[in-house]
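>>> Next come a sequence and a model predicted from it.
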Amino acid sequence: MFGIPGKQAVSLTPTAASQIRKLMAKDGTTGLRLGVKKGGCAGMEYTLDYVSEIDPHDEVVEQDGARVMIAPMAQMFLFGTEIDYEVSLLESGFKFRNPNVVDACGCGESIKFDESLGAGS
């Protein structure tokens, strides 16, 4: 486990937890796995996938009946992140408020982390 003992790596807003519960019920999954990968115009991007099985190395966050697993390689980049779910006239989706991000592109899906976290090219 990465981070501070007794503190979850990420937190969910009530809206995000509700949406994750709906997705879990609809698809009969164990939860969603959150990760990061190289890509996008700022260098990194978030990944979010349905999972049916928990990897023993995942950090598991359970809140209000919602379950998010954090991939091992993403844990240091995501610690302290708040996950929200926003709905607007033009779009809806998960939004990440991540204190480790030092830059993001205009689309809001591509991010750059502090070089000290090891996300540099």
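Yep, it's here.
>>> Now do the strands in the protein.
Secondary structure of the chain (DSSP state E): strands at 10-12, 31-38, 44-51, 59-63, 66-70, 81-87, 92-97, 101-104, 110-113.
>>> Now do the residue located most distally from the centre of the chain against residue 14, distance only.
The outermost residue of the chain, judged against the average C-alpha position, is residue 89 (23.4 Å), by C-alpha atoms, centre = their mean. As defined by C-beta to C-beta, to the nearest Å, residue 89 lies at a distance of 22 Å from residue 14. Every C-beta, even on glycine, is put in place using the N, C-alpha and C of the backbone.
>>> again with residue 64
7 Å.
>>> With residue 83 instead?
For residue 83 relative to residue 14 (C-beta to C-beta), the value is 11 Å.
>>> between the two, who's got more neighbours?
residue 83 (27 against 12; other C-beta atoms under 10 Å).
>>> Neighbours of the spatially closest residue to the more buried one that is not a sequence neighbour, how many?
Once flanking residues are discounted, residue 83 sits nearest to residue 16: 4.6 Å by C-beta to C-beta, 6 or more residues apart in numbering. Counted by other C-beta under 10 Å, the residues lying close to residue 16 total 23.
>>> Surely residue 16 is in contact with residue 84?
Yes - counting by C-beta atoms under 8 Å, residue 84 is a contact partner of residue 16 at 5.2 Å.
>>> Find the residues that touch each one of the two.
Listed as contacting both residue 16 and residue 84 by C-beta atoms under 8 Å, 6 or more residues apart in numbering are residue 94.
>>> Just list the residues touching residue 94, thanks.
Residues in contact with residue 94 (C-beta under 8 Å, 6+ apart) are 16, 19, 48, 83-85.
>>> Now render the residues you listed as JSON lines, adding pLDDT and distance to residue 77.
JSON lines is the format used below for the contacts of residue 94 (pLDDT from 0 to 100; distance: C-beta to C-beta, whole Å):
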{"residue": "16", "pLDDT": "96", "distance to residue 77": "18"}
{"residue": "19", "pLDDT": "96", "distance to residue 77": "22"}
{"residue": "48", "pLDDT": "89", "distance to residue 77": "14"}
{"residue": "83", "pLDDT": "93", "distance to residue 77": "14"}
{"residue": "84", "pLDDT": "95", "distance to residue 77": "18"}
{"residue": "85", "pLDDT": "95", "distance to residue 77": "20"}
